[in-house]
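Undergrad: Sequence and predicted structure are below.
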Amino acid sequence: MKTMNKVMTMAAVLALSASLAIAAPHGGKGGRGGKHGRGELGARFAQELGLTDQQKEAIRTIRKNNREANKAFFEQSRETFRQFREAKKANDTAKLEQLKPAVEQQRAQLRQFRATERQQILSLLTPEQRTKFDALKAEREARRGERGERRGHRRNQQ
């Protein structure tokens, strides 16, 4: 059960990173460069998992279809999150309380979209690729846990 949760989390991370890279506006202040630039995470996983060109194309198609099917939702949620950030920056607690239910609902819906996409993508992997995927995900979780412990340790010292 833990392994399945790990697989699902890694797929979610992969799907989310791709969705965000595609859905986010390009250029301007938000652009990132260097080794962590847009598309780098997906390309690295594709290489490490040994995805075939056919698998890569199928994943691109899945993401494109999901992005197109949910385009209106993504636009609305970006606007809601923008308003939420502005209200937070302005310390407008009334506006924050007003937006909070919409933000929570949209986050839940986004998780559902990612879970659906993740299952579609995982269905394309061979058993060997899923094993490698599980290993990569476990490594990522271990690194995440170490960072969390370091952060918690620093907080405790302050």
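TA: Sure thing, it's come through. Numbering: from 1, shown residues only.
Undergrad: count of residues packed around R60?
TA: 13 (other CB atoms under 10 Å). From N, CA and C alone the C-beta is placed, and that goes for glycine too.
Undergrad: err, L122, not the other one
TA: 17.
Undergrad: Would you agree it is in contact with R130?
TA: Yes: at 7.1 Å, L122 counts as touching R130 under the criterion of CB atoms under 8 Å.
Undergrad: Going along the chain, name the helices of this protein.
TA: 2-23, 40-49, 53-69, 71-89, 93-122, 127-157 (DSSP state H).
Undergrad: Include mean pLDDT when you put these into JSON lines, please.
TA: Formatted as JSON lines, the helices of the chain follow (pLDDT from 0 to 100):
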{"stretch": "helix 2-23", "mean pLDDT": "48"}
{"stretch": "helix 40-49", "mean pLDDT": "80"}
{"stretch": "helix 53-69", "mean pLDDT": "93"}
{"stretch": "helix 71-89", "mean pLDDT": "93"}
{"stretch": "helix 93-122", "mean pLDDT": "92"}
{"stretch": "helix 127-157", "mean pLDDT": "80"}
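Undergrad: ranking these by burial, who's on top?
TA: helix 2-23 (a mean of 17; mean count of other CB atoms under 10 Å).
Undergrad: Quick check, Q120 in contact with K64.
TA: No: using CB under 8 Å, Q120 is not in contact with K64, being 11.9 Å away.
Undergrad: Would you mind stating the distance between Q105 and T116?
TA: 17 Å (CB to CB, to the nearest Å).
Undergrad: Need the nearest residue in space to T116, chain neighbours excluded.
TA: Using CB to CB, 6 or more residues apart in numbering and skipping the chain neighbours, the partner closest in space to T116 is N66 (7.4 Å).
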